[in-house]
Structure formats: structure tokens, C-alpha cells
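Colleague: Fold the following, please.
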Amino acid sequence: MGLSIDVPSTPRSTHNVQTNVVDADVVPQAGSYQPTPPEGVKQPKKDKPKTDTSSSDIAEVVKVIKRRKRASQRCGCKALLRLRKTPCGNKYVVYAFFEKHNHRLVHENDYKYLRASRKLTFSKQQLLRQLSEANIGPTRAWKITNPYLSLVEFLSHYDTAVDSQRYIYGKNTHNSNYTAPDLKTHLVIEKEAADFYTHTIFYDVQDKIWASFMDCCSLSVQESESCSTFVIRDTEADYRIKGSWVQAKYEVTYVPDPCSAKCTCLRYECYGLLCRHIFYVLRMSRVFHFPKQYMDNRWSKHAMTHRSVDANKASPSSTNSDSVVDATVREIYSNVEESLHHLVGDIQKLHIYRDDQTTLMEKAKLDVPNPPNLNTKEAYARTLGVTEPEELTIFTRTGINNKGQVMRTRRKSKSEIAIELSDKPMTMCKTCHKLARHDSRNCPTKKNKGLKDEDVDQYMDDSD
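Modeller: Purely as a prediction, here's the structure:
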């Protein structure tokens, strides 16, 4: 794009001009319009070494200007912007403007850095969500969804991203389905946990069941009509404060009718797995089977269900909206691929099919101008099995005793400072010689320090 201003440019100093560096026609002048010739941009001439060995030439140091390589060559580009200064003031008026270029402004490999490339379509958002559920991070997901890759590069990136995931998943699934872990106790609850959980999760649950035998004991039990409260002593969780040991005690509330229990350690609320204290209370309450309400599906062997496209087509009346959307999208993809398979041999019919698809796309844009965004909260709730509460209660944090000299002061707002200053009596300031609510140290006249009396009165009026 050329830029022209009808104002004489500032003359350049002749002392700083490099001679015998490049051709004079190539060096642009400040504020001048440099049109693009029809034959293209004239390339600078390469510097030739001097053959004259005179003493004056040897003493002269020639500095070579390095020019950066351009991503594209402009040939016959008519894009320009010309400005003209108005005679009345320091304003410029555009009197010639041609916007269209005949070359690319950005290199093809740099399109992904533009702001326009940051928007994702609904199908890409859905694909990234599915890749995230498969434990594929954003870097590998970008390599998979990069539209500027060829088919071979796409397949290589995809295989690299999911090959290790498939191997680990297949190995763990095979071990969980066809091997039995060793049991440490004779309890039925441990055997049911081994049949339900994967091996990795079962070993953690098995440690908690074994710890309920070795490290837990009951100190007291308070029974009522609806529930029982146990005070459990945990010898493994003892901690030290200032050189003295503190015994760890937890309260477990057990309700026999629905067979539910809640512990103050809140392990099940945080991880979805029962703690050793609840296992101890269940054993003391003679509960032999694992409670079904505490078996979360996300830790089970069959957490990931494999449903084919035909199975989704056979159940269009499913209550899950996401499954209906997935089935419809897959059916559309399948129909388009099947149509292309039949029309790829006839280029005329293929062009007609492309025009029909373009018409349908334009109609879809008119019907739904704003495409729907993927609801990440619902996706997280469906994956984790928990829902976000509507109201969040944030409690004030309690004081802590850290080591060292801890500053317990906090930054106060201007309104709070004004309220505190209003309670103090007015004194004579030695700096401004006025009866005010500040002293000479905090006088507002010293580098805008402190609050003025007008600010204090204003905050007090606003609070009233």
C-alpha cells in the first residue's frame, strides 16, 4: 500500500548518507509516495567488492545495509492511501483510497496468529471437548485440528497424540477386566470394591480398608433416633504443633435407614472415595456390602461406554440432548461422505452438489446468525458427575500462625480511612497551619500525601 502526503518532507542530512551502498532509486525518502511499478518491486543491487586499492579507499569503511526477506513479491498492486493537509489546520483529508490488494498481506503459515483465526466453530469446540475427555492436551489437540496440514501430516500428528493414550488405556482396561487383584481381608465389601473399581482406584480403596483395621479406633458413640455419631481416633493422622503431638479425631455421622455416612475429613466430597473412618463405622455397624450410592461411575471399570453411530441412530428419543446432537451430526457426516463417494467421478454433478451445499449453508446462516456456544459447565458436570451449586457461600478466613515476622496489616480503602479519621479530634498542622484531622507528617501538601479534610467530609456524607 502506498502512502502519499502533499507536504514537503524534512530534508535529510547529507553527512549521514551512505555512498556506494545501494542504488539511489531503491532508497525511499521520508514522507514520499513510492508507487509499485507494474513489473514488481525492484530488488536492491548486491554490493561488489572494490578492486581499487588506493589509500583513500582502504581507509574508508563501507557499511552494508541488510534488508529482510519479504514473504511475497508485489507485482502491479494498486492499493494506495493518499492524504492531503487542509489549509485551515493540522488535519488531513483522504482524497484517494484503493483498498484491494493483488497479493497476500500475511504469509500462509502465519494465518493462525491473526485475531480472525481465534474463533472456533461448534464442530471444533465439540472435537476439542472430546479430545480433552480423552486426556489430550491443547498442544496436541491443536496439531490434530490444524487446517493447514495435509492428510499425511494430520494422520501422523493424530497417531502420535493418541497412540500412547490408547496403549495405556488398553493395558489398564485389560488388567482390570481379566486379572484379579490380591485381597488383604476377608470382607465382602473389599471383594465388591475389587469387582467395581479399576485396579488403580481399588488399590487406594484397599489401603483405606486396611487402615480402618490398623489405625482407627472408636472413642465414643452418641446414638439418637435417626442417626449415630462416632468419634474416631486416627493414629496415622496425628500432627505436631510447636513440638507437641496432637491426636487426630474425626466425627462420622451414620444414618442406618439409607445407609449413608458423612465424615468431617470430607474425603468423599473432595475425591468421590470413602475414607478409612467411614469404613471403620460401616464395619462397626455390621454393614457387609458396599453402599451403592457411594460407587461413582467415573471410577468404575465401565466408565467409558462405546456406542456406535448405528446405536445412536436407533435411539433418537433419548432424553440426553448431547447424545441426540452427536447422533445427528454423525449422520450428516456419513451422508455427505457417502454422497461424495458416488459423485467424485462426475465433476459436473460434483459442482452441482457443491452449489447446493453452499445454498444450504447460506440458509443456515440466515436462520441462525449466531451459532451456539459449547456449554463448558454442563460438559464438566457430565464428566465429573457433580453439578455446580447455584449459590456459593464464601466464609471469612481465620487467622494463621506462620513462622517468622508476619505482617498482619492490610491495605485499607479511602472510605475506611476517612471513617477512622472522622472519629479523631481536629489538631493544628505545623505544615499548612490549619486546624485539620492530620498532622505535619501526613499533610496533603507533601507530595499529595494523605487525605484532605474535604475528602473525609465527602466520604462521611456518602456513608450517611
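Colleague: Going by C-alpha atoms from here, please, whenever you check contacts or count neighbours.
Modeller: Will do.
Colleague: mind listing the strands for this protein?
Modeller: 2-5, 80-85, 92-98, 216-223, 228-241, 244-255, 260-263, 427-428, 435-436 (DSSP state E).
Colleague: helices and strands around the second one, which ones?
Modeller: Right, the one you point to is strand 80-85. In this structure, strand 80-85 packs against strand 2-5, strand 92-98, with contacts taken as 3 or more Cα pairs under 8 Å, 6 or more residues apart in numbering; DSSP states H and E.
Colleague: Could you point out which of the strands of the chain sits nearest residue 355?
Modeller: Checking the strands of the chain against residue 355 by Cα to Cα gives strand 92-98 as the closest, at 31.4 Å.
Colleague: okay, the nearest residue to residue 99 once chain neighbours are set aside: pLDDT?
Modeller: Leaving aside its chain neighbours, residue 99 sits nearest to residue 79 (5.3 Å; criterion: Cα to Cα, 6 or more residues apart in numbering). The model reports residue 79 with a pLDDT of 88.
Colleague: try residue 252
Modeller: 93.
Colleague: burial count for the residue nearest to residue 99?
Modeller: 17 (other Cα atoms under 10 Å).
Colleague: going forward, begin numbering at 39 instead of 1
Modeller: All right, first residue 39 from here; so that's residue 117.
Colleague: how close does it get to residue 138?
Modeller: Applying Cα to Cα, to the nearest Å, the value for residue 117 to residue 138 is 6 Å.
Colleague: do residue 172 as well
Modeller: Remark: distance between residue 172 and residue 138 (Cα to Cα) = 45 Å.
Colleague: Have a look at those two and say which one is more surrounded.
Modeller: residue 172 (14 against 11).
Colleague: Any chance of the backbone angles for the nearest residue to residue 483 once chain neighbours are set aside?
Modeller: Distances taken as Cα to Cα, 6+ apart put residue 470 closest to residue 483, at 7.3 Å, once the chain neighbours are dropped. Main-chain torsions, residue 470, degrees, to the nearest 10: phi -100, psi -10.
Colleague: Can you give me the neighbour number for the residue lying closest to residue 175 once chain neighbours are set aside?
Modeller: If the residues on either side of it in the chain are set aside, residue 175 comes closest to residue 169, at 7.6 Å by Cα to Cα, 6+ apart. Using other Cα under 10 Å, residue 169 is surrounded by 18 other residues.
Colleague: before we move on, what about residue 194?
Modeller: When neighbours are counted by other Cα under 10 Å, residue 194 comes out with 13.
Colleague: now stretch 396-413, how far from the centre of its chain.
Modeller: How far stretch 396-413 lies from its chain's middle: 26 Å, per Cα atoms, centre = their mean, to the nearest Å.
Colleague: Over to it now: how far is its first residue from its last?
Modeller: End-to-end distance of stretch 396-413: 28 Å, with Cα to Cα as the criterion.
Colleague: Point out where the stretch 389-502 of the chain drops to low pLDDT.
Modeller: For the stretch 389-502 of the chain, the stretches with pLDDT under 70 are 410, 412, 434-448, 485-502.
Colleague: so where do the helices sit in it?
Modeller: Under the criterion DSSP state H, counting those that start in this stretch, helices of the stretch 389-502 of the chain are mapped to 414-422, 452-460, 491-501.
Colleague: now swap in the stretch 239-388 of the chain and tell me
Modeller: Under DSSP H, counting those that start in this stretch, the stretch 239-388 of the chain gives helices at 305-309, 314-322, 347-352, 359-381, 385-405.
Colleague: Any chance of those helices in JSON lines with mean neighbour count as columns?
Modeller: As requested, these are exported to JSON lines (neighbours: other Cα atoms under 10 Å):
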{"stretch": "helix 305-309", "mean neighbour count": "12"}
{"stretch": "helix 314-322", "mean neighbour count": "22"}
{"stretch": "helix 347-352", "mean neighbour count": "14"}
{"stretch": "helix 359-381", "mean neighbour count": "14"}
{"stretch": "helix 385-405", "mean neighbour count": "12"}
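Colleague: For residue 460, find the nearest of those helices.
Modeller: helix 305-309 (47.5 Å).
Colleague: Show residues contacting the closest one.
Modeller: 311, 312, 313 (Cα atoms under 8 Å, 6 or more residues apart in numbering).
Colleague: Need the CA coordinates for it. PDB is fine.
Modeller: The C-alpha trace of helix 305-309 is given here as PDB (Å, rounded to 0.1, in the frame of the first residue of the first chain):
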ATOM      1  CA  ARG A 305     -12.600 -37.100  51.600                       C
ATOM      2  CA  TYR A 306     -15.700 -38.400  49.700                       C
ATOM      3  CA  GLU A 307     -16.800 -34.800  49.000                       C
ATOM      4  CA  CYS A 308     -13.400 -34.000  47.500                       C
ATOM      5  CA  TYR A 309     -12.400 -37.100  45.600                       C
END
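Colleague: quick one: average pLDDT of that helix?
Modeller: 90.
Colleague: For it, what is the distance to the chain centroid?
Modeller: The answer for helix 305-309 is 25 Å, by Cα atoms, centre = their mean.
Colleague: repeat for stretch 264-277
Modeller: The answer for stretch 264-277 is 40 Å, by Cα atoms, centre = their mean.
Colleague: What residues sit buried inside that stretch?
Modeller: By neighbour count on 16 or more other Cα atoms under 10 Å, the buried set for stretch 264-277 is 266, 267, 268, 269, 270, 271, 272.
Colleague: Stretch 118-127 too?
Modeller: Within stretch 118-127, the residues that count as buried by 16+ other Cα under 10 Å are 118, 119, 120, 121.
Colleague: you'd agree the third one is up against residue 136?
Modeller: No - using Cα atoms under 8 Å, residue 120 and residue 136 do not qualify as a contacting pair, with a distance of 9.3 Å.
Colleague: Check the gap between the residue lying closest to residue 249 once chain neighbours are set aside and residue 299 for me.
Modeller: Counting by Cα to Cα, 6+ apart, residue 314 is the residue found nearest to residue 249 once chain neighbours are left out, at 6.1 Å. Using Cα to Cα, we find residue 314 at a distance of 12 Å from residue 299.
Colleague: ok so, going back, which residues are in contact with the residue nearest to residue 483?
Modeller: Contacts of residue 470 by Cα under 8 Å, 6+ apart are 478, 481, 483.
Colleague: Report whether the expected contact of the second one with residue 471 is present.
Modeller: No - distance between residue 481 and residue 471: 10.2 Å, which falls outside the contact criterion (Cα under 8 Å).
Colleague: Looking at these two, which is more packed in?
Modeller: Taking neighbours as other Cα under 10 Å, residue 481 and residue 471 compare with residue 481 leading, 20 against 11.
Colleague: For residue 463, see how far away the more buried one is.
Modeller: Applying Cα to Cα, the value for residue 481 to residue 463 is 15 Å.
Colleague: Check residue 341 too.
Modeller: For residue 341, the distance to residue 463 - Cα to Cα - is 70 Å.
Colleague: So the two - more neighbours on which side?
Modeller: residue 341 (13 against 10).
Colleague: That one reaches residue 335, doesn't it?
Modeller: Yes - the pair residue 341 / residue 335 is scored as a contact, 5.6 Å apart, by Cα under 8 Å.
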